[in-house]
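J.: just coords:
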């Protein structure tokens, strides 16, 4: 198990009811974090439509997650 | 012979030394006017690089010229 | 330079900051809050952004634009927080020697900004509903996310 | 709307005149007087225009752009007379529902304006020479017209 701080944005934050929380998760990659927090962020979409960052760096869904990492879950963006 | 008022613009005006003049010319088309005023407007270019208007309407080099018409000779444009 | 602001975007002073004696062409783009989206009457918007990555990714987009379409000056400002109808949500200005680079760089920047920066838009509708707007790529794939009562 | 002016182009008020509640994208282009052209150091410019045909042909260009890239509002102002370095020679603003029409219509208008309106530019160089600048199509065909002492 790893301690991972998960940050939720926009509709994910509203669904989770918190902007971030530290969870104890059995995960190897960011994709695992997305799956295991599905009831928190509430996305029914495949994660390919979302973006992810680890420790403030944009990452992909194969990026490994280590104990103590911060994982940012971004719903589909809509700038401009 | 037809009385034609010829208007010169930009470099043509500077070469002719006048902005417009009425000439008595033996012409059928605007191309004839361009040729017969070559020593006035001073263009060594073929007229295809210039534009022409008759009585304030853009025309082409086959446009007929009548007695009393005003022919505007435009050197290559450079707007913007 | 990429910036975020929660105040009204002052386009005149931003444009003035791009003055360059070698520039012959200037292209600007602005995204305005419009009164309708996909059939819903919009009353106002809210933008939420994750600033550290917006700045870093925005700077990367501008650098890519410069490599593809060499320009002299470029700047992008994106608004966050609450916006009313008609307000400017994003401004991009590009000054270049010639117009082709100015147009192309400006277009590249807005196209990439819209799909790469972590910014989200919540629309508040005249009928009291609200909803998060999906990215253009999702929308073009026919994706639908919920509109909340 | 196509206009000519011998006074400085006030872009802020021009842009404000294009406000439209349905507009989501605004694209503007400005041509600025730059300090160099084809190896000559430029000091200032003079534009001469034949106004009646500039207006008529400019309106035609704007109508063509509207047919090709439906927009909500568009306006073009071209300066005439004497201009100093850095001044705005031409301004085009287009407001559209979406950005694609705004960009494309703006680009179409400036491209056509440059080659179709009876406007001529005389450059005055730092070394005291001056010369009428040829249209872009002529220049691209390698045409040369005289530079006057």
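T.: Yes, it's here. Quantities reported herein were computed from a predicted structural model and do not represent experimental measurements.
J.: Please enumerate the helices of the chain.
T.: Going with chain A. With helices called from DSSP state H, chain A shows them at A:11-16, A:30-36, A:38-41.
J.: wrong chain, I was asking about chain C
T.: For chain C, applying DSSP H gives helices covering C:11-16, C:51-68, C:99-116, C:136-140.
J.: right, so these: which one is the most enclosed?
T.: Most buried of the helices of chain C by mean neighbour count (mean count of other Cβ atoms under 10 Å in any protein chain shown) is helix C:99-116; its value is a mean of 21. Quick note: C-beta positions are derived from backbone N, CA and C, even for glycine.
J.: Give the other helices and strands that that one contacts.
T.: If you count contacts as 3 or more Cβ pairs under 8 Å, 6 or more residues apart in numbering or on different chains; DSSP states H and E, helix C:99-116 packs onto strand C:25-32, helix C:51-68, strand C:73-79, strand C:88-96, helix C:136-140, strand D:25-32, helix D:99-116.
J.: Let me know the distance separating residue C:107 from residue C:114.
T.: From residue C:107 over to residue C:114 the distance is 11 Å, taken as Cβ to Cβ, to the nearest Å.
J.: swap that for residue C:83, sorry
T.: Computed as Cβ to Cβ, the residue C:83 to residue C:114 distance reads 16 Å.
J.: Would you agree residue C:55 is in contact with residue C:1?
T.: No. The pair residue C:55 and residue C:1 fails to qualify as a contact (Cβ atoms under 8 Å) at a distance of 9.2 Å.
J.: for the nearest residue to residue C:112 once chain neighbours are set aside, what are its contacts?
T.: Leaving aside its chain neighbours, residue C:112 sits nearest to residue C:61 (4.4 Å; criterion: Cβ to Cβ, 6 or more residues apart in numbering or on different chains). Applying Cβ atoms under 8 Å, 6 or more residues apart in numbering or on different chains, we find residue C:61 in contact with C:2, C:76, C:108, C:109, C:112, C:113, C:116, C:117.
J.: With pLDDT added, can I get those residues in a markdown table?
T.: Output for the contacts of residue C:61, formatted as a markdown table (pLDDT from 0 to 100):
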| residue | pLDDT |
| --- | --- |
| C:2 | 98 |
| C:76 | 98 |
| C:108 | 98 |
| C:109 | 98 |
| C:112 | 97 |
| C:113 | 96 |
| C:116 | 94 |
| C:117 | 96 |
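J.: Pick out whichever of these sits closest to residue D:17.
T.: Nearest to residue D:17 among these, counting by Cβ to Cβ, is residue C:76 at 24.7 Å.
J.: can you count the residues close to the closest residue to the closest one other than its chain neighbours?
T.: Among residues not flanking residue C:76 along the chain, residue C:92 sits closest, at 4.7 Å (Cβ to Cβ, 6+ apart). Here the count is done by other Cβ atoms under 10 Å in any protein chain shown, and residue C:92 has 28 residues near it.
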